[in-house]
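Enquirer: Give the three-dimensional model of this entry:
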Amino acid sequence: MKSLKALVRVSSFALLFGAASMASAVSIIPEGPFTTEAGTIVVTSPSSFGAPITCGVTFGGNVSAGVATITSATLTGGGLCNLQKMKNVPCPGWVLTATSYNASTGIGSGTVSNVGWTVAFPSSNCGPGTLNGEWNQATRTLTGKNQPLSGNCAVQSLTVKVPSLSVAP
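Expert: Coordinates of the predicted model:
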């Protein structure tokens with residue numbers, strides 16, 4: 001009898017916790033393909049001897065079940081920008097997940113996982129890792145700052161505008 005009561009208590013707690021988690025869930029919308037406008041990414045790596053390298057960047061991908069998967073990335077800017085090869089693009093992709101959204105401010109947060117890149121010469125192997133970011137609903141802009149990755153690398157800043165996407169509570 002005691003074990004049945006304990007099971008009921010644990011099940012009730014799990015049900016309440018699950019309902020609370022679902023109530024705070026946010027999604028990226030609409031479903032389907034997307035592309036970003038040209039943005040910028042500033043990275044450091046052993047290949048740049050720790051100096052920041054600013055590249056233009058454009059992403060493309062698909063939204064499914066409220067999660068965006070980045071399956072294409074184009075870097076511009078010459079120099080080390082042309083020598084970098086993105087890890088996990090196109091497969092399995094960089095995965096953008098919305099984690100919160102405040103409708104009164106229009107600001108949300110999220111993560112981008114599987115982020116990484118390599119440079120053949122001088123050699124660098126950065127990531128993969130997860131970046132934290134901020135979403136501005138009014139400008140449809142995703143930003144991230146000061147995100148370290150394995151391999152003695154970092155994303156100092158990332159700014160891309162995605163006019164076709166929104167975040168919904």
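
Enquirer: gap between the closest residue to Arg140 other than its chain neighbours and Ser104?
Expert: In space, and not counting its chain neighbours, Arg140 is closest to Pro163: 5.0 Å by CB to CB, 6 or more residues apart in numbering. C-beta coordinates here come from the backbone N, C-alpha and C atoms, glycine included. According to CB to CB, to the nearest Å, Pro163 and Ser104 sit 22 Å apart.

Enquirer: picking that back up, ok, how many other residues are close to the residue nearest to Arg140?
Expert: A count of nearby residues for Pro163, using other CB atoms under 10 Å, gives 12.

Enquirer: low-scoring pLDDT stretches of this structure, where are they?
Expert: Within the chain, the ranges that satisfy pLDDT under 70 run 1-24.

Enquirer: which residues in it form helices?
Expert: 2-23, 80-83 (DSSP state H).

Enquirer: Please name every helix or strand in contact with the shortest one.
Expert: Using 3 or more CB pairs under 8 Å, 6 or more residues apart in numbering; DSSP states H and E as the contact test, the elements touching helix 80-83 are strand 53-64.

Enquirer: Next, the buried residues of the strand it packs on.
Expert: Buried residues in strand 53-64, counted by 16 or more other CB atoms under 10 Å: Ile53, Cys55, Val57, Phe59, Gly61, Val63.

Enquirer: one step back: would you agree the residue nearest to Arg140 is in contact with Phe34?
Expert: No: if you go by CB atoms under 8 Å, Pro163 and Phe34 don't touch, sitting 9.0 Å apart.

Enquirer: hmm, back to that, distance to Thr141 added to the buried residues of strand 53-64, as CSV?
Expert: Converted to CSV, those look like this (distance: CB to CB, whole Å):
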residue, distance to Thr141
Ile53, 21
Cys55, 17
Val57, 13
Phe59, 13
Gly61, 16
Val63, 17
